[in-house]
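Q: Following is a predicted model, sequence given first.
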Amino acid sequence: MVDVQNLSVITQDGYKLLHQISLHLEVGEVVGLTGQSGAGKSTLLKALLGTLSRGCSISSGEIFVDDIALGTLSLKKHRCLCGTTLGFIPQNPMTAFDPQIKMEKQIVETLHLKMGMSRQQAIDQAKELLVDLGFSQPKRVLNSFPGQLSGGMLQRSAAALLLAMSPKYILADEPTSALDSENRTLLLKLLAQQKERAGILFISHDIAALSQQCDRVYVMEWGQLTETGTMEELLSNPTCEWTKEYVTANRSVSKEGWTWKD
Ligand SMILES: Nc1ncnc2c1ncn2[C@@H]1O[C@H](COP(=O)(O)OP(=O)(O)OP(=O)(O)O)[C@@H](O)[C@H]1O
């Protein structure tokens, strides 16, 4: 289980980015995290991955992954958990890969290092997953530099790499933000298939996807978790500002009453 207990993160100026966050994630469930832009959702993922920006630090609380307190680990040991235990799909696909290195080398080296795969095994696995993610020419993707691929192609490639590592916990930061509707559906389907063997923390503003995928959803405002429930419960009985505003903005009046645009 991933268990975040009363986690607070501050900047070097003492500004609180996260305040007393507590949440847990078990294998077999999808937990959503939504809320205003700048609320601190990505910061929480960075704390989980040990990649907080320079000048930001955990001021109190602890994160346990399978009963291991991450705060007791060296940065090197923390990073070792990334990939196979904590898998990550980043919000900004450009940050997922080194722009100077061809995709094939990056994917092969990661799968060799993290999974012990041979070069050929890694290439075969990558091609197979790229096809699953909608690429008809996976070889072309592997032969490209990241800059030669679109944002959506990179986001799907990052998802393929993550799936190849079969992480126990998947941390997905707006994984569909750069995708068109067809590829969004494809990625959501693949993520849903992981639920049987993984726990998924799904950060998104995509209310339809949150409703469809998540067992429960947390709302974050100004670095704090302000509300939790199924998406349906949150929308039908919103209590915090962000959810109320979302509900108001998405209410469309018809003769019969109102319906969700999503
Ligand atoms: N290195 C940093 N130093 C100072 N403040 C930072 C730093 N990184 C992020 N922040 C601030 O932390 C807050 C939370 O940012 P974060 O990216 O976690 O929000 P978010 O909820 O993921 O937003 P979005 O939905 O737009 O992706 C913002 O106010 C941001 O400006």
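A: Perfect, thanks for sending it.

Q: For the stretch 51-200 of the chain, which residues are neighbours of the ligand?
A: Proximity of the stretch 51-200 of the chain to the ligand (C-beta under 6 Å from any ligand atom) is limited to residues S53, G55, C56, Q91. Every residue, glycine included, has its C-beta placed from N, CA and C.

Q: Please give me every residue in contact with the first one.
A: The neighbours of S53, taking C-beta atoms under 8 Å, 6 or more residues apart in numbering as the test, are K46.

Q: Recalculate using a threshold of 10 Å.
A: V9, T11, L17, S42, T43, K46 (C-beta atoms under 10 Å, 6 or more residues apart in numbering).

Q: The residues you listed in strands, which ones?
A: Secondary structure assignment by DSSP state E places V9, L17 of the contacts of S53 in strands.

Q: Format the contacts of S53 as CSV; extra columns: pLDDT, neighbour count and distance to I207.
A: As requested, those are exported to CSV (pLDDT from 0 to 100; neighbours: other C-beta atoms under 10 Å; distance: C-beta to C-beta, whole Å):
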residue, pLDDT, neighbour count, distance to I207
V9, 98, 24, 26
T11, 96, 14, 30
L17, 97, 23, 24
S42, 94, 18, 19
T43, 96, 20, 22
K46, 94, 20, 24
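
Q: and the contacts of S53 near the ligand, which?
A: Applying C-beta under 6 Å from any ligand atom to the contacts of S53, one finds that T11, L17, S42, T43 fall near the ligand.

Q: what about the strands in the stretch 151-262 of the chain?
A: 169-173, 199-203, 216-221, 224-229, 251-254, 257-260 (DSSP state E, counting those that start in this stretch).

Q: out of those, nearest to T95?
A: Smallest distance to T95 across the strands of the stretch 151-262 of the chain (C-beta to C-beta): 10.2 Å, for strand 169-173.

Q: so of the ones next to the ligand among the contacts of S53, which ones are in helices?
A: If you go by DSSP state H, these have S42, T43 in helices.

Q: ok now stretch 128-136, how far from the chain's centre?
A: Mean-position distance between stretch 128-136 and its chain equals 20 Å (C-alpha atoms, centre = their mean, to the nearest Å).

Q: Equivalent analysis for stretch 87-107, please.
A: Counting by C-alpha atoms, centre = their mean, stretch 87-107 comes out at 15 Å from the chain centroid.

Q: Please apply the same query to stretch 31-40.
A: 11 Å.

Q: Mind exporting the C-alpha coordinates of that stretch to PDB?
A: C-alpha atoms of stretch 31-40 as PDB (Å, rounded to 0.1, in the frame of the first residue of the first chain):
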ATOM      1  CA  VAL A  31      -7.800   6.700  -6.800                       C
ATOM      2  CA  GLY A  32      -8.400  10.100  -8.500                       C
ATOM      3  CA  LEU A  33      -6.900  13.400  -7.600                       C
ATOM      4  CA  THR A  34      -8.400  16.600  -9.100                       C
ATOM      5  CA  GLY A  35      -8.700  20.200  -8.300                       C
ATOM      6  CA  GLN A  36      -7.700  23.700  -9.300                       C
ATOM      7  CA  SER A  37      -4.500  24.400 -11.300                       C
ATOM      8  CA  GLY A  38      -1.600  25.000  -9.000                       C
ATOM      9  CA  ALA A  39      -3.300  23.200  -6.100                       C
ATOM     10  CA  GLY A  40      -0.300  20.900  -5.600                       C
END
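
Q: Would you check which pair of the residues of the stretch 51-200 of the chain next to the ligand lies furthest apart?
A: G55 and Q91 (20.2 Å).

Q: Among those two, which residue is more densely surrounded?
A: Set side by side, G55 and Q91 show more neighbours around Q91, with 19 against 9, by other C-beta atoms under 10 Å.
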